[in-house]
Each structure stands twice: as structure tokens, then as C-alpha cells.
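Show me how the following folds:
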Amino acid sequence: MSASPTPTPANVTAIGLAQAPGNGMQYRNVGTSGLRASAIGVGCYPFGGFLDAARSLAVVHAALDLGINYFDTANSYGVGKSEAFLGAALEGGLRHDAIIATKFGNRMAPGPNDVGASRASIIRACEASLRRLKTDYIDLYQLHWPDRRTPIEETLRALDDLVRAGKVRYIGASNLFEWELCAAHHIAEAHGLHRFISAQDFYNLLYRDIEKRMEPFCVQYGIGMTSYFPLAGGLLTGVYQRDVPAPQGTRAASSPSTATWQTPRNWDVQEQLAAFARERGWTLPQMSLAWLLSRPAMFTVIAGADDPAQLRDNVGALDIRFTQDDLTEIDRITLVDEDRSVAPVYRNLRPEKVHEHASRQRALTQRGEP
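Numbering: from 1, shown residues only. Have a look, this model is predicted:
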């Protein structure tokens with residue numbers, strides 16, 4: 001008696017699998033590469049510090065359930081603990097569903113080759129990260145900080161070797177000046193090396209200087225952007241108020257850097273942004289993340305989350321749609337500092353010399369500035 005045929009799953013077609021029903025998550029290409037990342041990602045800095053292994057696992061699993069596939073960590077976060085907690089959370093067949101974006105370059109041990117971006121340091125750091133992450137490949141391997149004692153060609157060749165060996169899929173950079181990113185891009189092209197497909201830098205509604213030179217370069221050369229501190233160290237979460245101590249148990253209550261964010265200028269802007277969001281039925285953090293995603297090169301935002309509820313709130317940013325008037329008003333609120341990067345006369349006589357985008361110019365004009 002022959003065995004009964006195995007039933008064919010409903011999503012099997014003549015040419016493969018039909019795409020699964022959507023879960024509402026958006027996916028974007030990282031720059032001009034073919035890698036597709038969720039528009040909402042998870043910043044894994046809290047893993048191993050603010051969050052223990054169990055809470056980190058809960059965040060990772062909740063993220064995957066929401067369709068989030070992008071997890072940003074670094075070997076130096078918790079001196080290896082963040083990577084280890086992320087790797088443990090992805091055990092049991094979940095690794096395939098995740099994009100692991102980790103970084104190298106910060107000091108990890110006392111030795112002279114335990115820091116930086118030399119060939120020796122990179123290979124050593126990569127092998128250690130692979131062990132902690134319990135994987136045989138890293139999706140996006142990022143230079144955490146520039147190593148100006150090492151020629152960028154040496155760094156790129158070492159990374160290229162890792163890609164060719166299958167240990168790394170793509171490479172990215174973080175915290176480079178725009179001229180350094182430009183030099184790396186053209187050196188990679190000139191020598192036929194894999195190039196940086198992404199740039200991670202400090203950028204949010206309170207700090208927008210990156211738009212003057214870095215953002216236009218990334219748009220021109222197809223480099224995907226993401227930002228760290230997208231909620232400005234918690235100031236754009238709406239949890240904290242001017243001259244009111246941070247609630248006990250929050251990160252701001254224990255962080256020594258909290259006071260550095262809370263300048264009078266930042267509070268003035270934050271309060272206007274919060275009022276603007278309330279008028280439209282948005283939360284301040286959702287609006288802040290949605291605004292970053294409206295930028296032309298941004299492929300994901302990687303706000304950290306202490307629990308699954310915060311992740312769900314972050315995903316709510318995808319429901320926000322800005323009108324051009326909304327964006328102009330946000331510019332009016334946030335672009336309150338005099339731009340000293342170009343001579344004022346050029347604004348009218350030589351507009352091609354002005355580095356800012358058109359939205360900045362509209363906001364300045366509405367305020368009556370030249």
C-alpha cells in the first residue's frame with residue numbers, strides 16, 4: 001500500500017512560494033544595494049546593560065512578530081554582551097529572519113590590535129563577533145568610528161576579503177566625515193572593492209547639521225542612511241518635562257548624559273514639536289521617527305526599546321503621513337539656529353552655493369529671513 005502524497009502548502013506555486021500576507025511593515029533597500037531592511041529597526045545597545053537576557057529575548061521575538069528584521073548592535077555594546085544576547089535570542093531557526101548589523105573598531109581588550117580598523121583588528125573582531133552572535137555570517141558589518149592611523153584602503157581590503165569569504169554580506173560605516181566617506185567610496189570603486197552601502201550617523205529633529213553635506217552625498221551616491229539617537233537621548237520620547245526630574249526607573253534617571261541634552265534651546269524646540277504632534281493626533285516619538293523616514297536616503301530608524309510595547313509604539317510611526325505644509329512647519333520649529341556655513345549674501349545672489357535642501361529655504365522665507 002503506497003503512502004499518501006504529502007499535501008502541498010497553499011502558498012506553493014509553479015515557480016516557487018507566493019509571498020506571505022503583509023503585516024503592515026515597510027521594507028526598504030539599503031542604499032542602492034539589494035538588501036531590504038524593515039523601516040523600523042531595533043537598536044540593541046540596551047541588551048546586556050539596561051536589559052537582561054530574558055528581556056532582550058522578549059524584545060527580539062516581539063520585533064520579529066511585528067515584521068521587524070533589522071537589529072543594530074556592536075561588539076563594544078556591553079563589551080560583547082549585546083551581541084551575545086542577540087545571538088541567543090535568534091537561536092532556534094530565527095537567524096534566517098533577521099538582518100544583523102554589527103560594528104567593529106572600538107577597543108575590546110588592552111592589546112594594541114584590539115582596537116581600530118587595521119586588517120589584524122578587523123579579522124580578530126569579526127571572528128569574535130561571529131562566535132558571540134552564534135552565526136556564520138554578518139549581514140551588515142560597519143566601521144564604528146574612523147581609524148585615521150590606518151589607511152582606508154587597508155580597511156576596505158580587509159572587509160572585501162571578509163565578504164568574499166562569506167563571513168560578511170555587506171559593509172557600512174558610521175561616524176565618518178562626509179569627505180572620509182567620499183574617499184572610501186572612490187577608493188573602493190578604483191580598486192574594485194566592495195563599497196560601503198550604508199552610513200550611520202547622529203541625526204534627529206533637534207540636530208540637523210548632517211543635512212548640509214552628508215545627506216546630499218549619500219543621496220547622490222546611493223548610500224543608505226540610518227541614525228543613532230533618533231529620539232535625542234529620550235528628549236523626543238515625550239516622557240520627560242522641563243525642570244521635572246526624570247521618573248525613577250527610566251534610562252534618563254540613571255544616565256549621566258541626560259543633562260547634556262536638556263538645554264533651553266532643545267526644550268523650546270521639543271515643546272513646540274510636542275504641541276504640533278498633539279494637534280494632529282500623533283505622539284511625539286512616532287512623529288520624530290516618521291520624520292526621519294521621510295528623509296530621502298533613510299532606510300530604517302533604530303530606536304531602542306525596553307519592552308514589546310515600545311516596539312509597537314515605534315511601528316505606529318509608519319501610519320503617519322506628512323503634508324508639505326507639515327514638513328515646512330517642522331522646519332520652521334526646528335531650524336532656529338543661524339546657519340553660518342555660507343555667507344548670507346549667497347542666499348539670494350548665488351542659491352546654488354547654499355547647501356540646505358529646499359524645505360529649509362521655505363521655512364526661512366516664511367520666517368522672513370533672507
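
For the one helix or strand residue 127 maps to, what is the distance to the chain centroid?
Assigned by DSSP states H and E, residue 127 belongs to helix 119-133. Helix 119-133 has its C-alpha centroid displaced from the chain centroid by 22 Å (Cα atoms, centre = their mean, to the nearest Å).

repeat for stretch 167-180
Per Cα atoms, centre = their mean, the centroid offset for stretch 167-180 relative to its chain is 12 Å.

contact partners of it?
Contact with stretch 167-180 is made by 30, 33, 35, 101, 103, 126, 130, 136-146, 152, 159, 162-163, 181, 184, 194-202, 213-214, 217, 228, as judged by Cβ atoms under 8 Å, 6 or more residues apart in numbering. From N, CA and C alone the C-beta is placed, and that goes for glycine too.

Check which helices and strands the helix holding residue 127 is in contact with.
Where contact means 3 or more Cβ pairs under 8 Å, 6 or more residues apart in numbering; DSSP states H and E, helix 119-133 is packed against helix 81-89, strand 99-104, strand 138-143, helix 152-164.

I figured residue 57 was touching residue 87, is that so?
No. Using Cβ atoms under 8 Å, residue 57 makes no contact with residue 87, being 10.8 Å away.

and the closest residue in space to residue 157 that isn't next to it in sequence, how many neighbours?
Closest residue in space to residue 157, ignoring its immediate chain neighbours: residue 193 at 6.3 Å, by Cβ to Cβ, 6 or more residues apart in numbering. Residues lying near residue 193 (other Cβ atoms under 10 Å) number 20.

returning to what we had before: can you point out the buried residues in the helix holding residue 127?
121-126, 128-130, 132-133 (16 or more other Cβ atoms under 10 Å).

So which of these is the closest to residue 25?
Distance ranking of the buried residues of helix 119-133 against residue 25, using Cβ to Cβ, places residue 133 first at 22.8 Å.

give the contact list for residue 132.
So residue 132 contacts 75, 80, 83-84, 87 (Cβ under 8 Å, 6+ apart).

make it 10 Å
Residue 132 makes contacts with 73, 75, 80-88, 102, as judged by Cβ atoms under 10 Å, 6 or more residues apart in numbering.

Same list (these) but as a markdown table, adding pLDDT and distance to residue 16.
Shown next, in a markdown table, are the contacts of residue 132 (pLDDT from 0 to 100; distance: Cβ to Cβ, whole Å):
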| residue | pLDDT | distance to residue 16 |
| --- | --- | --- |
| 73 | 98 | 32 |
| 75 | 97 | 37 |
| 80 | 96 | 39 |
| 81 | 97 | 39 |
| 82 | 97 | 36 |
| 83 | 98 | 33 |
| 84 | 98 | 36 |
| 85 | 98 | 35 |
| 86 | 98 | 30 |
| 87 | 98 | 30 |
| 88 | 98 | 32 |
| 102 | 98 | 31 |
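
Specify the local secondary structure of residue 282.
What DSSP: H, G, I helix; E, B strand; the rest coil gives for residue 282 is coil.

Let me see the confidence value for it.
As predicted, residue 282 sits at a pLDDT of 97.

looking at it, it is touching residue 317, isn't it?
Yes. Using Cβ atoms under 10 Å, residue 282 makes contact with residue 317 at a distance of 8.7 Å.

Now do the shared contacts for those two.
In contact with both residue 282 and residue 317: 288, 290, using Cβ under 10 Å, 6+ apart.

Could I have the buried ones of the contacts of stretch 167-180 as ChimeraX selection syntax?
This is how ChimeraX selects the buried members of the contacts of stretch 167-180, with burial counted by 16+ other Cβ under 10 Å:
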select :30,33,35,101,103,126,130,137,138,139,140,141,142,143,144,145,146,152,159,162,163,181,184,194,195,196,197,198,199,200,201,214,217,228
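
need the contact list for the residue nearest to the spatial centre of the chain.
Taking Cα atoms, centre = their mean, the centroid of the chain lies closest to residue 226, which sits 3.4 Å from it. With contacts defined as Cβ under 10 Å, 6+ apart, residue 226 is in contact with 30, 37, 41, 43, 70, 72, 101, 140, 142, 172, 174, 198-201, 203, 292, 297-302.

Likewise for residue 159?
Per Cβ under 10 Å, 6+ apart, neighbours of residue 159: 104, 117, 119, 122-123, 126, 141-143, 168, 170-173, 188, 193-196.

8 Å - rerun?
Counting by Cβ under 8 Å, 6+ apart, residue 159 has contacts 122, 141, 143, 168, 171, 193-194.

Pipe the buried residues of helix 119-133 into CSV and attach distance to residue 26 and pLDDT per row.
Converted to CSV, the buried residues of helix 119-133 look like this (distance: Cβ to Cβ, whole Å; pLDDT from 0 to 100):
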residue, distance to residue 26, pLDDT
121, 36, 98
122, 33, 98
123, 36, 98
124, 37, 97
125, 32, 98
126, 30, 98
128, 33, 98
129, 28, 98
130, 30, 98
132, 30, 98
133, 26, 98
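
and of the residues you listed, the nearest to residue 63?
Among the buried residues of helix 119-133, and counting by Cβ to Cβ, the member closest to residue 63 is residue 133, at 16.0 Å.

nearest residue to the closest one other than its sequence neighbours?
Closest residue in space to residue 133, ignoring its immediate chain neighbours: residue 87 at 3.9 Å, by Cβ to Cβ, 6+ apart.
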